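Q: My questions concern the predicted model and sequence given below.
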Amino acid sequence: MNRSTPAALALVMSLLCIGVAAQTQTELLPLAMKGDYQAQRNLAFSYASPEKGERSDPIASCAWYLVILQSGSSKVGSADAGNVRTYCGPLQQEDRVAAEARAQRLLKQIYR
């Protein structure tokens with residue numbers, strides 16, 4: 001085994017992890033609707049910064065970040081509050097109201 005083998009193996013493993021973590025909005029939605037914290041975060045981000053072929057939806061992004069904050073998950077932290085400021089803050093008032101209403105509907109569906 002040469003010296004570059006551990007580094008090459010680490011690179012391959014990190015690339016595999018990235019590939020496993022990359023899920024589509026269609027794959028993330030059912031998990032997010034089950035209350036999966038990481039799926040909710042990934043879905044919210046995907047609406048804000050969609051990958052090729054995914055749809056951009058700033059209102060949905062904001063709504064999911066609001067859901068996360070109000071989910072009661074022990075994983076919620078300051079980064080989640082920062083995401084609300086980052087992704088909800090720039091919305092026009094009417095879009096922010098729409099995002100808040102969507103978040104309330106989602107919360108009722110997820111955490112009945």
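A: Structure's in. What do you need? Keep in mind that what you see is a predicted model, and the values were worked out from it rather than measured.

Q: List the buried residues in the helix or strand containing Ala101.
A: When elements are assigned from DSSP states H and E, Ala101 belongs to helix 93-110. Within helix 93-110, the residues that qualify as buried by neighbour count (16 or more other C-beta atoms under 10 Å) are 96, 98-100, 102-103, 106-107. Just so you know, the C-beta spots here come from the backbone N, C-alpha and C atoms, and that holds for glycine as well.

Q: got the contact list for that helix?
A: Outside of helix 93-110, the residues that reach it under the criterion C-beta atoms under 8 Å, 6 or more residues apart in numbering are 32-35, 58-60, 62-64, 66-67, 70-71, 88, 91.

Q: C-alpha coordinates for that helix, PDB please?
A: Extracted as PDB, the C-alpha positions of helix 93-110 are listed here (Å, rounded to 0.1, in the frame of the first residue of the first chain):
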ATOM      1  CA  GLN A  93     -44.900  40.900   2.900                       C
ATOM      2  CA  GLU A  94     -47.500  39.000   0.900                       C
ATOM      3  CA  ASP A  95     -45.100  36.100   0.200                       C
ATOM      4  CA  ARG A  96     -44.100  36.000   3.900                       C
ATOM      5  CA  VAL A  97     -47.700  35.800   4.900                       C
ATOM      6  CA  ALA A  98     -48.300  33.000   2.400                       C
ATOM      7  CA  ALA A  99     -45.200  31.100   3.800                       C
ATOM      8  CA  GLU A 100     -46.400  31.500   7.400                       C
ATOM      9  CA  ALA A 101     -49.900  30.100   6.400                       C
ATOM     10  CA  ARG A 102     -48.300  27.200   4.600                       C
ATOM     11  CA  ALA A 103     -46.100  26.500   7.600                       C
ATOM     12  CA  GLN A 104     -49.100  26.400   9.900                       C
ATOM     13  CA  ARG A 105     -50.900  23.900   7.500                       C
ATOM     14  CA  LEU A 106     -47.800  21.700   7.400                       C
ATOM     15  CA  LEU A 107     -47.400  21.800  11.200                       C
ATOM     16  CA  LYS A 108     -50.900  20.600  11.600                       C
ATOM     17  CA  GLN A 109     -50.400  17.800   9.100                       C
ATOM     18  CA  ILE A 110     -47.100  16.600  10.500                       C
END
